[in-house]
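1. Could you look at this predicted model? Sequence included:
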Amino acid sequence: MKPRYKRAAIIVGALIVISIAAVLILNALNSNIALYVTPSEVAAGKSPAGQVFRIGGMVKDGSVKRDGLTVHFVITDMAKDIPVAYTGILPDLFKEGKGAVIQGRLDSNGQFVASEVLAKHDENYMPPEAKHALEQAQKNGNKQ
């Protein structure tokens, strides 16, 4: 084989290996993405269907009910409420009236089935997108 053809074969082989690696990396990143959605967006049908996503807001006062290891509660953005079911042990900071971010997916009944619950640890800090979503929901809730 001529050196020119060897060089071309090595280049083509390297491009194929790089392409396969890029596809595998992008596929792994895409499967680990969890979008953040507010309860108002979920109620409006803007949540990703059949995919895992995160919903954030406040745990509604008086909504936490325990059934063995399964906990049922309501997450709200002060405009819309979404029922949540979580099986497992909740974080110590999880309380009614406090902020939480829940990861999971919607079931066919419109209930959010959580796979992970994250409790907000500081009352003074809120991610900018969550703060903006709560402010928008309160404005829209007051207009209706």
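-> Everything's here; your move.

2. contacts, neighbours, all on C-alpha from now
-> Will do.

3. Name the residues of the one helix or strand N27 maps to that are buried.
-> Taking DSSP states H and E as the definition, one finds N27 inside helix 3-31. Residues of helix 3-31 classed as buried: none (neighbour count, 16 or more other CA atoms under 10 Å).

4. pLDDT on it, on average?
-> Mean pLDDT, helix 3-31: 91.

5. Could you check how far it is from the centre of its chain?
-> Helix 3-31 sits 33 Å away from the centroid of its parent chain (CA atoms, centre = their mean, to the nearest Å).

6. who touches the very next helix or strand once past it?
-> Going down the chain from helix 3-31, the next helix or strand is strand 35-37, by DSSP H and E. Outside strand 35-37, the residues that touch it by CA atoms under 8 Å, 6 or more residues apart in numbering are 47, 52-56.

7. mind putting those residues in TSV, pLDDT, secondary structure and distance to T70 included?
-> Output for those, formatted as TSV (pLDDT from 0 to 100; DSSP: H, G, I helix; E, B strand; the rest coil; distance: CA to CA, whole Å):
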residue	pLDDT	secondary structure	distance to T70
S47	78	coil	24
V52	85	coil	19
F53	88	strand	20
R54	89	strand	19
I55	90	strand	18
G56	87	strand	19
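
8. what's across from G99 in the sheet?
-> Beta-bridge partners of G99, counted by DSSP bridges, are M58.

9. residue contacts, it?
-> For G99, the contacting residues are 56-59, 119-120, by CA under 8 Å, 6+ apart.

10. Got a quick PyMOL command for the buried subset of the contacts of strand 35-37?
-> Only the buried entries of the contacts of strand 35-37 go into this PyMOL selection, using 16+ other CA under 10 Å:
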select buried, resi 47+52+53+54+55+56
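
11. okay, now the domains of this structure?
-> 1-32, 35-143 (automatic domain parsing).
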